[in-house]
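> This is a predicted model, with the sequence first.
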Amino acid sequence: MVQKIGSQYKEILNQYMQRQSEQNLYVGQNFSRQLISENTSPEDVISMHKAAMQELYEDMPETVWHSFDFLIEMMINYGLALQERQSLLQKQEELRMEMDLAANVQETLLSTTMPSLEGLDIGLLSVPLRKMNGDYIYFISDEEGRAGIAVADVIGKGLPAALCMSMVKFGMDSLNDSMSFPREVLSTINRIVEKSVDDFMFVSMFYGRYEAESGVLTYGSAGHEPAMLYRAETGEFEELTVKGLLLGVSPMATYEEKEVKLNKDDMVVIMTDGVTEGRTAEGFIDRQVINELILRKKDEPAQTIVQYVYDELVRMQNAELSDDFTLVIYKKV
Amino acid sequence: MSNQSSVEIQTEWDIVAARQLGRNVAKELGFGTVDQARITTAISELARNIYLYAGQGKIEIQRLTENGINGILIIAADNGPGIPDVRKVMEDGFSTSGGLGAGLPGVKRLMDDFKIETTLGEGTDIRATKWLR
């Protein structure tokens, strides 16, 4: 095999020595591609070159042959660097596959069922920036038309954020009560997060408790991006501001809650900062832009609106998101 | 040709002596230019590790014959501090990213067989073999 490659190389080299044409150089380039695909190291190529030259031009001065030996010595570390690169590429591929698996596990683990409530149309979308999602939507509902929604965002991205989110999920599971009010839910999850996560990991969370019968949404927030309320009657948006510290900062934190009654065609828009902190060439995408996008589709089903906002924001940012993106719309019908 | 089969490593110049010894033996055994360069680079790397991290130690070169095949064995032994995390130094990218050269993974690649034994506070013993094919 080595001999065959050696004689091929000699032939190609000889052609070039006879005539220094571009054609012959091109043949050489193609041959080098073959050598690389066969993991031939640079020192072996030089050794092959020396052997070929010795056969073709045996009466060269000794100094020339010495120079090739020197070059071989010089190339050993380059050869090692090449091998190391190949092994690192392979490791990277293994990591990629592992991340894919982890992302699947996360998807299963954090999957939630959208409740179906009388008079409420829900649209939602959560798209991770990388493979693992640091945003999270959690639903809980009962037969009496009550439903809780938690939208959470870990400060941070990727794997650490995803691990942290699993804990929030188990916290929510342990509560398992659609009757709970935001202030109880937030302070319970706060204690769990504070206890279990290191000091650099914080979670923001919006919690909303909706009653289909009355159409009342009770909401609280732990340092989360404020939700928006769209009033169909006035055609105006207002921010649902409510006080509360990020989860995980202090075990003593308490959470305010407020309520709002939804009328026909009113909408509540819950989002993470991945929605509002997008950037275009002209600057940040502000809430005004998002409100306008929602208004354009306000008569469509909630899911259509959510998808439209996402598609438009991605388009405005040249298909580059800068954070995990989560958007939920409650529309009273 | 010297009969000496080991070199004490104390100064940087001893690295050169160890290389020379290894190259002579490799040449006598019939290794080609490229393999001589590989063996010598491995010796260089091991001797340099002794010089940098253990202060002093020894490089020993042995000729081997197994099932009619000749080979060369490099033994690098020192009574230095030992290596706290062998798995880490055997990882690709650990020494090269710090600009420390080929490192132990490089030595392993240059040779056919590689064994390392290290005890904290007692020292390190590395054995690397290359067979003549």
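Alright, I've got the coordinates.
> now the residue in the stretch 151-300 of chain A positioned nearest to chain B: how far from residue B:87?
When scored by Cβ to the nearest Cβ, the stretch 151-300 of chain A has residue A:159 as its residue closest to chain B, at 19.4 Å. In short, each C-beta sits where N, CA and C put it, glycine included. Applying Cβ to Cβ, to the nearest Å, the value for residue A:159 to residue B:87 is 21 Å.
> Which of these two has more residues huddled nearby?
With neighbours defined as other Cβ atoms under 10 Å in any protein chain shown, residue A:159 and residue B:87 compare such that residue A:159 has more, 16 against 8.
> Excluding covalently adjacent residues, which one is nearest to the more buried one?
residue A:132 (5.4 Å; Cβ to Cβ, 6 or more residues apart in numbering or on different chains).
> Looks like the one you found contacts residue A:103 (just checking).
Yes: applying Cβ atoms under 8 Å, one finds residue A:132 in contact with residue A:103, separated by 5.7 Å.
> neighbour-wise, which of those two wins?
residue A:132 (21 against 17).
> Name the SS class of that one, please.
coil (DSSP: H, G, I helix; E, B strand; the rest coil).
> who touches it in this structure?
Residue A:132 sits next to A:99, A:102-103, A:106, A:157-159, A:161-162 when contact means Cβ atoms under 8 Å, 6 or more residues apart in numbering or on different chains.
> Could you write me a PyMOL select line covering just the buried ones among those?
Per 16 or more other Cβ atoms under 10 Å in any protein chain shown, the buried members of the contacts of residue A:132 correspond to this PyMOL selection:
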select buried, chain A and resi 102+103+106+157+158+159+161+162
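> lowest average confidence, helix or strand, in chain B?
helix B:94-97 (a mean of 65; mean pLDDT, DSSP states H and E).
> The helix or strand just after that one and chain A, are they touching?
Proceeding N to C from helix B:94-97, the next assigned helix or strand is helix B:103-110, under DSSP states H and E. Yes: residues of helix B:103-110 contacting chain A under Cβ under 8 Å from any Cβ of the partner chain: B:105-106, B:109-110.
> show me where pLDDT drops low in the chain?
Using chain A here. A:1-2, A:281 (pLDDT under 70).
> Not quite, go with chain B.
Along chain B, the parts satisfying pLDDT under 70 run over B:1-4, B:95-101.
> Wasn't the residue of the stretch 151-300 of chain A closest to chain B part of a helix?
Yes: membership of residue A:159 in a helix is supported by three-state DSSP.
> For it, which residues are in contact?
A:99, A:102, A:132.
> And for residue 28, the neighbour number?
Because you didn't say which chain, this covers chain A. Neighbours of residue A:28 (other Cβ under 10 Å): 15.
> hm, I was asking about chain B
If we define neighbours as other Cβ under 10 Å, then residue B:28 has 12 of them.
> How about residue A:173?
Using other Cβ under 10 Å: residue A:173 sits among 10 other residues.
> Between the two ends of stretch A:257-266, how far is it?
When the termini of stretch A:257-266 are compared using Cα to Cα, to the nearest Å, they are 20 Å apart.
> can you list the residues of chain B near chain A?
Looking at chain A, the residues of chain B close enough under Cβ under 8 Å from any Cβ are B:32-34, B:37-38, B:40-41, B:92-93, B:96, B:101-102, B:105-106, B:109-110.
> Repeat the analysis, applying 7 Å as the threshold.
B:33-34, B:37-38, B:41, B:92-93, B:96, B:102, B:105-106, B:109 (Cβ under 7 Å from any Cβ of the partner chain).
> Mind giving me the PyMOL command for buried ones among these?
What follows is the PyMOL syntax selecting those of those that are buried according to 16+ other Cβ under 10 Å:
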select buried, chain B and resi 33+34+37+38+41+92+96+102+105+106+109
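> what's the farthest-apart pair in the residues of chain B next to chain A?
B:33 and B:93 (29.2 Å; Cβ to Cβ).
> Distance to residue A:177 for the residues of helix B:103-110 next to chain A - can I get that in CSV?
Output for the residues of helix B:103-110 next to chain A, formatted as CSV (distance: Cβ to Cβ, whole Å):
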residue, distance to residue A:177
B:105, 55
B:106, 60
B:109, 60
B:110, 65
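> So which of those is the closest to chain A?
When those are compared against chain A (criterion: Cβ to the nearest Cβ), the nearest one is residue B:106, at 4.5 Å.
> Name the nearest residue to the closest one, sequence neighbours excluded.
Using Cβ to Cβ, 6+ apart, the closest residue to residue B:106 is residue A:80 (4.5 Å).
> Report how many residues lie close to that neighbour.
The burial count for residue A:80: 25, using other Cβ under 10 Å.
> Tell me the first helix or strand C-terminal of the helix or strand containing it.
Residue A:80 belongs to helix A:62-109 when assigned by DSSP H and E. Past helix A:62-109, further along toward the C-terminus, the next helix or strand under DSSP H and E is strand A:120-127.
> Could I get the buried residue list for that following strand?
Buried, per 16+ other Cβ under 10 Å, within strand A:120-127: A:120-126.
> quick check, nearest of these to chain B?
residue A:126 (34.5 Å).
> How about the contacts made by that closest one?
Applying Cβ atoms under 7 Å, 6 or more residues apart in numbering or on different chains, we find residue A:126 in contact with A:133, A:135, A:137, A:326.
> Name the residues of stretch B:119-127 that are buried.
Those would be B:123-127, for stretch B:119-127 by 16+ other Cβ under 10 Å.
> follow-up on the earlier one: against residue A:99, how distant is the residue nearest to residue A:159?
Residue A:132 is 7 Å from residue A:99, by Cβ to Cβ.
> do residue A:129 as well
13 Å.
> returning to that earlier point: widest-spaced pair of the buried residues of stretch B:119-127?
B:123 and B:127 (13.7 Å).
> which element is the closest residue to residue A:176 other than its chain neighbours on?
Leaving aside its sequence neighbours, residue A:176 sits nearest to residue A:140 (Cβ to Cβ, 6+ apart; 6.9 Å). Using DSSP H and E, residue A:140 sits in strand A:135-141.
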